[in-house]
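Participant: Pasted the sequence and its predicted model underneath.
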Amino acid sequence: MGVSSGGNEDARSHIEKMRDFMRKKMRRPIDDYYDWVPRPGTQFCIHMTIRSIQTAAVVGSVLGPVSALLMHRSEKKELVDAFVIGGLHGAMVGAALGPVISLATCKNMNRVRKFQNLVKNKFDQTQLWQDHIAIASAAVGYMSSGQLGLVVGLDLSLLFAVITRNL
């Protein structure tokens with residue numbers, strides 16, 4: 001086996017095993033789950049960013065045509081362009097504000113509260129499906145109709161989320 005160090009390996013490994021055993025016994029149960037999900041704040045930030053993109057896109061797609069009408073541009077093409085531009089700008093604002101909002105929300109949370117938010121979002125199947133549908137509808141809309149499809153996909157995904165939340 002090579003050079004012997006007088007049996008210190010066995011003593012050292014036994015002490016390390018005892019230390020690991022004591023660490024595991026003294027940990028709170030939430031710590032084991034925290035190891036399972038190492039960054040709940042990041043996952044909460046992703047969820048909040050998706051929701052803020054959806055909401056801001058809807059607000060932008062409503063305010064775009066309203067501002068076009070207030071500026072006396074009432075042709076169909078101008079209204080559609082205002083809808084698309086407003087929705088895209090709203091989505092960009094939502095993408096910028098989503099991490100800021102989630103950071104402000106998580107700033108004073110402890111690990112347990114962050115994990116509770118994560119579990120609520122991650123294992124609630126309706127919210128998980130709503131996030132997946134938002135991404136999929138935006139992607140399919142963009143691939144099928146470009147920017148107009150992206151905005152319509154985001155708007156419809158938020159409408160679907162609101163409808164399914166109340167059921």
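Facilitator: Happy to help now that I have it. Numbers count the residues shown, from 1 in each chain.
Participant: Okay, Gln54 and Ala138: tell me how far apart.
Facilitator: Here Gln54 is placed at a distance of 9 Å from Ala138 (C-beta to C-beta, to the nearest Å). Using the backbone N, CA and C atoms, a C-beta is placed for each residue, glycine as well.
Participant: The two: who's more crowded?
Facilitator: The neighbour comparison of Gln54 against Ala138 (other C-beta atoms under 10 Å) goes to Gln54, with 28 against 24.
Participant: Would you check that that one makes contact with Phe160?
Facilitator: No - counting by C-beta atoms under 8 Å, Gln54 sits too far from Phe160 to count as a contact (10.0 Å).
Participant: what residues are shared contacts of Gln54 and Ala138?
Facilitator: 154, 157 (C-beta atoms under 8 Å, 6 or more residues apart in numbering).
Participant: Which residue ranges of this structure form helices?
Facilitator: Assigned by DSSP state H, the helices in the chain fall at 8-26, 29-36, 40-70, 76-106, 111-122, 125-145, 147-165.
Participant: and these, which one's lowest on average pLDDT?
Facilitator: Here the helices of the chain differ in mean pLDDT, and the lowest is helix 29-36 at a mean of 57.
Participant: What about the residue nearest to Lys120 when sequence neighbours are not counted, how many residues nearby?
Facilitator: Distances taken as C-beta to C-beta, 6 or more residues apart in numbering place Gln127 nearest to Lys120, at 7.8 Å, with adjacent residues excluded. For Gln127, the count of nearby residues is 18 (other C-beta under 10 Å).
Participant: go on, Gly94?
Facilitator: 24.
Participant: And Gly86, by the same measure?
Facilitator: 23.
Participant: Now it: closest residue in space that isn't a chain neighbour?
Facilitator: Nearest to Gly86 is Gly64, by C-beta to C-beta, 6+ apart, at 2.1 Å.
Participant: which residues sit in contact with the one you found?
Facilitator: By C-beta under 8 Å, 6+ apart, the residues touching Gly64 are 82-87, 89.
Participant: show me what contacts Ile135?
Facilitator: Neighbour list for Ile135: Ile50 [criterion: C-beta under 8 Å, 6+ apart].
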